[in-house]
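>>> Here is the input, now give the coordinates:
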Amino acid sequence: MRLRVVILVVLGVFAVLVIGAAAALWFGGGPLVAWAIENPVSGAMNRKITLGGPLALHWGRNVTIAAQDVSVANTSWGTDPVMFSARSLKLEFDLFSLVSGPVHVGYIELDGWKLRLETSKSGKPNWNFAASATVPSHRTQFPVLDRLTARNGSLVYRNGETAATSTLDIAGLDFAAPGATQPVKFDGKGAFQGIKLQLAGTAGPIAELRNPSKPYPLKIEAQLGDNRATIDGTAKNPLDFAGLDMRFSANGPDLQTLGHAVGIPFPKFPPFRGTSELVGGNGEWSLNAVSLRIGNSDVEGGLSINTKVKVPSIKAKLTSSYIDLTDFKGLYGGRPESAPPPASPSGDVIPKERLAVHKLPDIDADLSFYGTRIKSPGGLPLDAVAVGLRLKGGELTVDPLRFHAASGDFALQFRYNPFTHDTPPKLSAKLDVRHIHLHPLLQGMGLPSFVKATSGIIGGGGTIETTGASVKDFLSRMSGNVAIFLEDGQMSDLLQTLIPIDAAKALGVYISGDKIVPIDCLIARFDIDSGVAKPSTFVFNTPDTSVVGSGSIDFDKEVIDLTLKPYNRKFTLVSLRTPIEIKGKLRKPDFHIDTHSIIARIGESLGLGVIFPPAALVPLVDQGLGGQNRCSKFFAPADQQAPNQPSKENEAQAPAPSHDDSAPQQH
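Residues are numbered from 1 along each chain as shown. Here you go, the predicted structure:
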C-alpha cells in the first residue's frame with residue numbers, strides 16, 4: 001500500500017472542502033457551501049459526501065474551514081458503506097497560493113477519523129475517484145504543509161483478492177514543518193494489528209520533497225511491542241515510498257510479534273537482532289547484506305519481496321556458520337516434559353487429537369539455506385545442512401533437506417497441503433538415510449542409558465503418502481514402503497525392556513546384566529497399505545541365531561500380529577530356538593512361545609531361501625550401509641562368497657544338539 005494513496009484520500013477531502021469554499025465565494029454562507037459539497041460536488045466525484053454537523057468558514061488571506069461529522073461513501077462493491085469519516089476536520093490554507101502556487105496549507109486537523117482502503121476481487125482500488133486529479137501525482141506537486149495533526153483514528157487496508165486485512169490504529173500523529181526549508185519532524189503512537197506501536201522520525205524540508213533531482217532523506221525509529229527498528233536513508237520517490245536506499249536495523253525479544261503483524265505464523269523464538277540494506281519500492285523490495293542473530297544462531301544472505309503480483313512472493317538465499325536448534329524449539333514443536341500426552345481410555349497409544357494445522361500464509365516463497373554447522377538439542381553436531389523450501393498455491397515443498405551427522409547422511413523430501421475447504425491435509429515424504437552411526441547419535445537425545453548402549457551403523461529409507469488431521473489419521477491412512485538396514489549393532493538390556501525374558505531366551509537373544517548382544521545384520525522392509533504394514537523382508541542375525549519375521553502391524557486398529565522364527569546358525573550344545581508370536585494391542589502385546597514348532601534340524605535354517613533378501617533389495621542395502629557391508633556378505637549365497645571363506649551352510653552342517661530349555665543361552 002503506497003503512502004501516496006493515503007495522501008491522495010486526505011488531500012482529496014481537502015480539495016472537496018476547498019471547492020466548497022470557492023463555491024462560497026459565489027453563493028456565500030456556510031449552509032450553501034454544505035449544500036454544494038453534498039450535492040453538485042458529490043455528483044462530480046461520484047461519491048456521496050455527507051456533512052452531519054455545521055460547516056464554519058473564516059475568510060481572509062488564510063481561509064479556515066471547520067466541519068463536523070464528515071463522511072465520504074465507499075464504492076458500491078466495498079465491504080463497508082463508508083470510505084472516510086471524521087468527527088471533526090479543520091484546515092487552513094493560503095487563498096492566493098491556490099492561484100500563484102505552490103499550494104500552502106497551514107494545518108490539517110483530524111479527530112475521530114477512519115480511513116478504509118480496499119481493493120475488489122479483481123484488484124480494482126476504491127480510492128480512484130474524480131478528486132484524485134486535484135492531488136499530487138508527483139513530488140514536485142506536493143503542497144507546502146506546515147502541520148498535520150490526527151487524533152483517535154484508524155487506517156484499514158483490505159486486499160479483496162486474498163481477504164487479508166491490516167489495521168493501523170492511531171491514537172495520535174503529529175507532523176510539523178516550521179517552514180519550507182526546515183526539516184520535518186513527526187511522531188505517532190497507536191497499534192498495528194492490535195500490537196502497541198510507536199514511531200518518530202525526521203525528514204528533509206518540504207522544499208527538498210518538491211525537488212525531483214535530489215533523493216529525499218528520511219529516518220524512522222519504530223517500536224512494535226517490545227521490538228525496535230530503525231530505517232535511515234533516502235528515497236527517490238518518497239510519495240510512493242520507492243527508490244529506497246536505506247539502512248535497516250531491528251532487535252527485540254520475540255520475532256513472533258513481527259510475524260503476527262505481517263500475517264505469518266511464526267513460532268516462539270529467542271531474542272534477535274539484525275541489520276540489512278533495504279532497497280527498491282513500488283511493491284518490489286530487496287533486503288541485501290542481511291545479518292541476523294537469533295539466540296546463539298547466525299544467518300546471513302539476502303531476500304527479495306514482490307507485492308505487486310496477485311500473490312506476494314518472497315525469494316531468499318541464506319547461509320549460516322552456526323545454528324543452535326535449541327533456539328528454534330518452537331519451530332519443530334517439542335512437547336514440554338511437564339505436559340505428557342494424555343493416556344487414551346481405550347488403551348490406544350496413537351494420539352487422536354486433531355493437530356493445530358495453521359493455514360499457510362497467502363504468499364509464494366522460494367527459500368534456500370546452507371548451514372556449515374548445526375548443533376542439535378542434545379549436542380550432536382550436524383554438518384553441511386542444505387534446505388530448499390518452496391511455498392506455492394498453498395502447498396509447501398521441502399526439497400531437499402540434507403545434512404551430515406554421526407559419520408552418515410540424511411536426506412528428506414516432502415510435500416504438504418493444508419486444509420482446503422473439506423479436504424484434509426495431504427502429506428507425502430521420501431526419506432534416505434545412509435551410514436549413520438547409532439552410538440554417537442543416541443548420546444545426545446536424553447535417552448535412558450540402556451538405549452544409549454545401543455550401537456551399530458544404520459541406513460534405509462522409504463516413501464510415504466497419507467492424509468488426515470491427527471497423528472492417528474496420518475498413520476492409519478498411510479501407504480508406501482519403509483526399509484531399515486543395520487550392521488555391527490549391539491543392544492544391552494534394551495531387549496529385556498521390550499520383550500519378556502523367556503521370549504528373548506526362546507529367540508536366542510537372552511542376556512543378563514550388561515552383557516552385549518551383537519547384531520551382525522538386520523534387514524527389514526515393510527510394505528504399507530492403508531495403515532497396515534507387512535514385512536516383505538524381515539531378518540536379523542546374531543553370532544548364533546538368524547531370526548526371520550512375518551505378519552503385520554495395523555496402525556488403524558493398533559494391533560500387532562508378528563511371528564519371529566529363529567534358526568541356529570551353527571552347532572551348539574544348548575537348545576534349539578523357538579518361534580515367538582507377538583499379538584495384541586500395541587500398548588501391551590502378548591508374547592507366545594510356539595513350543596509345538598521347535599526346529600528339529602540345524603541345517604533347515606540355512607537351506608531356506610527366505611534367509612536371503614530379494615535381489616532388488618541388495619543394492620538398497622549397499623546404498624544405505626556402504627559397499628562391502630556385513631549384511632551383503634552375510635546374505636550373499638554360498639557361490640558368491642569370497643574365496644577361502646566357508647559358506648554359512650557348510651559351517652552349520654553338524655549333528656543336532658541336545659535340548660535343554662532349563663537354562664539361558666550362553667554365547
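>>> Output the lowest mean pLDDT helix or strand found in the protein.
Between all helices and strands in the chain, the lowest mean by mean pLDDT, DSSP states H and E belongs to helix 648-651, at a mean of 37.
>>> The host helix or strand of Pro535 pairs with which strands?
Taking DSSP states H and E as the criterion, Pro535 maps to strand 532-541. Using DSSP bridges, strand 532-541 pairs in its sheet with strand 517-529 (antiparallel), strand 545-554 (antiparallel).
>>> nearest to Gly172, of those strands?
strand 517-529 (62.0 Å; Cβ to Cβ). Any C-beta I mention is one placed from the backbone N, CA and C, and that applies to glycine too.
>>> Alpha carbons only: can I get the closest one in PDB?
The C-alpha trace of strand 517-529 is given here as PDB (Å, rounded to 0.1, in the frame of the first residue of the first chain):
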ATOM      1  CA  VAL A 517      24.000 -58.900  22.200                       C
ATOM      2  CA  PRO A 518      25.700 -58.300  18.900                       C
ATOM      3  CA  ILE A 519      23.500 -57.900  15.800                       C
ATOM      4  CA  ASP A 520      25.700 -58.700  12.800                       C
ATOM      5  CA  CYS A 521      23.000 -57.600  10.400                       C
ATOM      6  CA  LEU A 522      19.300 -56.600  10.200                       C
ATOM      7  CA  ILE A 523      17.300 -56.100   7.100                       C
ATOM      8  CA  ALA A 524      13.700 -55.100   7.300                       C
ATOM      9  CA  ARG A 525      11.400 -53.800   4.600                       C
ATOM     10  CA  PHE A 526       7.800 -53.000   5.200                       C
ATOM     11  CA  ASP A 527       5.100 -52.500   2.500                       C
ATOM     12  CA  ILE A 528       2.400 -50.300   3.900                       C
ATOM     13  CA  ASP A 529      -1.200 -50.100   2.500                       C
END
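>>> Now do the helices in the stretch 451-600 of the chain.
Ranges of helices within the stretch 451-600 of the chain are 471-477, 494-498, 501-507, based on DSSP state H, counting those that start in this stretch.
>>> Would you single out the least confident of those helices?
For the helices of the stretch 451-600 of the chain, the weakest mean pLDDT is recorded on helix 494-498, namely a mean of 57.
>>> quick one: low-confidence parts of the stretch 251-400 of the chain?
262-267, 329-347, 355-362, 378-379 (pLDDT under 70).
>>> helix/strand/coil for Val41?
Secondary structure, DSSP: H, G, I helix; E, B strand; the rest coil: Val41 is helix.
>>> Leu51 is in contact with that one, correct?
No. Counting by Cβ atoms under 8 Å, Val41 sits too far from Leu51 to count as a contact (10.9 Å).
>>> shared neighbours of those two, which are they?
Here Val41 and Leu51 share no contacting residue, scored by Cβ atoms under 8 Å, 6 or more residues apart in numbering.
>>> Direction included, what does the longest strand along the chain pair up with?
Longest strand of the chain, by residue count under DSSP state E: strand 104-118. Strand pairing for strand 104-118, determined by DSSP bridges: strand 82-94 (antiparallel), strand 144-145 (parallel), strand 147-158 (parallel).
>>> Please point out which parts of the host helix or strand of Ala207 sit buried.
Counting by DSSP H and E, the element that carries Ala207 is helix 206-209. Residues of helix 206-209 classed as buried: 206, 208-209 (neighbour count, 16 or more other Cβ atoms under 10 Å).
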